[in-house]
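Engineer: sequence and predicted structure are below.
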Amino acid sequence: MTTSFYAPPTAFHGGRVVLPEDEATHAVRVLRHRPGDEIVVVDGAGGWHRVRLDHVDRRRAAGTVVETRRGVGEPAYRLSIGLGLIKQRSRFETFLEKATELGVAEIVPLVTERTEKAGYNAARAEKLLVAAMKQCGRTVLAALRDPTPLAEVLDDASPALRLLAHEAAGPHQALGTVLARHSGAETIRVLVGPEGGFSDAEVGAAEAAGYGVVSLGPRRLRAETAGIVVAAAVQLAHP
Ligand code: SAH
C-alpha cells in the first residue's frame, strides 16, 4: 500500500486538488515528487483520489484527479466511542491513534462526575488523527468532538446500538455476546468511563436512555485500553 497524502474536501475544485502546505512540503522536499508523478490523496470524508501532479514547487503541489473511489479502508458500520477524559495526555493520544486504526468514526471526550481536570492539545490531536488515517489506509478522518457532558451524549438517541462499559457487569453481559446479538446494527455508540469509573447514578441514567451495560472481561482496564478493546471487538464482530 502506498502512503497517501491528505487534503480536505475544500482543497478539491473542478477535478483538481491543491495539497495543504505541510503535505506539499512532504511530497516535494522529502519524497521528491515531480510533475507527472501520480500520488494518492485521501480527503478524510471517504474519498480516495489518484492524482497526477502537474504543478510542483518548494511549497506547492497541485494536480489533476484521474480516479476517485469511495470508502476505501472503511468499515460497514459507524462506531462512536465516548471516552472519559484522561488525565495523562499521552494515554489519550495513544487511544486516538489505535482507535483510528481500528476504524472508529467518532470520538467524544466525556465530562462525567468523576472526570478529573484533564484536557488535550486539539491541534496535536488533529495531526495525530491525520497521520494515523494515512498510515493505516483509511479515507475517513475520525471526528474528535469537543468535551461533552455525559447527559448531553445520553440525550442523543440516534445510534441504533448504545452500550456502556462497566466493570460491575457480569460475564453474561460480555461485549462480544451482545455484539453478536446485534450484528445488523450499523450505528453503534459505546461509552467508556474515566479513571474513576462511572457513578451508579450515571449508569442508571444511561440505562434509562436505552444503553445496555457490557463487560470487557474480569480485569479492570485502563480507560484507553477499554476504548481500544471496544473498537477491536466491534471490528471483529463485523467480518
Ligand atoms: N471504576 C474503576 C476504574 C475505571 S476503568 C475504579 O476506579 O476502580 C475506566 C473505564 O473503563 C470504566 O469506567 C469502564 O467504562 C471501562 N472498563 C474498564 N475495565 C472494564 C471491564 N472489565 N469491563 C467493562 N468496562 C471496563
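Structural biologist: Arrived safely.
Engineer: give me every residue in the protein lying close to the ligand.
Structural biologist: Proximity of the chain to the ligand, by CB under 6 Å from any ligand atom, involves residues 165-167, 169, 192-193, 195-198, 215-217, 219-221, 223, 226. Backbone N, C-alpha and C define where each C-beta goes, glycine included.
Engineer: do a quick rundown of the helices in the chain.
Structural biologist: Remark: helices assigned in the chain by DSSP state H are 21-25, 89-101, 122-136, 150-155, 175-181, 200-208, 223-237.
Engineer: columns mean pLDDT, distance to F5 and mean neighbour count on top of these, output as TSV?
Structural biologist: Shown next, in TSV, are those (pLDDT from 0 to 100; distance: least, CB to CB, whole Å; neighbours: other CB atoms under 10 Å):
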stretch	mean pLDDT	distance to F5	mean neighbour count
helix 21-25	95	5	17
helix 89-101	96	16	19
helix 122-136	96	7	16
helix 150-155	98	34	17
helix 175-181	97	35	16
helix 200-208	98	40	15
helix 223-237	97	25	21
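Engineer: quick one, which of those helices is nearest to F12?
Structural biologist: Nearest of these to F12, taken as CB to CB: helix 21-25 at 13.3 Å.
Engineer: by contact count, what packs against the closest one?
Structural biologist: Helices and strands touching helix 21-25, by 3 or more CB pairs under 8 Å, 6 or more residues apart in numbering; DSSP states H and E: there are none.
Engineer: got a list of contacts for that helix?
Structural biologist: Outside helix 21-25, the residues that touch it by CB atoms under 8 Å, 6 or more residues apart in numbering are F5, Y6, A7, R58, R59, R60, A61.
Engineer: stretch 27-41 now?
Structural biologist: For stretch 27-41, contacts defined as CB under 8 Å, 6+ apart pick out 2, 4-7, 17, 19, 48-61, 63, 65-66.
Engineer: how many neighbours does A142 have?
Structural biologist: A142 has 23 neighbours, counted by other CB atoms under 10 Å.
Engineer: actually G170, sorry about that
Structural biologist: Around G170 there are 9 residues (other CB under 10 Å).
Engineer: tell me the pLDDT at I86?
Structural biologist: For I86, the pLDDT comes out at 89.
Engineer: I188 versus that one, what's the distance?
Structural biologist: Per CB to CB, to the nearest Å, I86 is found 21 Å from I188.
Engineer: ok, those two, which is more surrounded?
Structural biologist: More crowded of I86 and I188, by other CB under 10 Å: I86, with 25 against 22.
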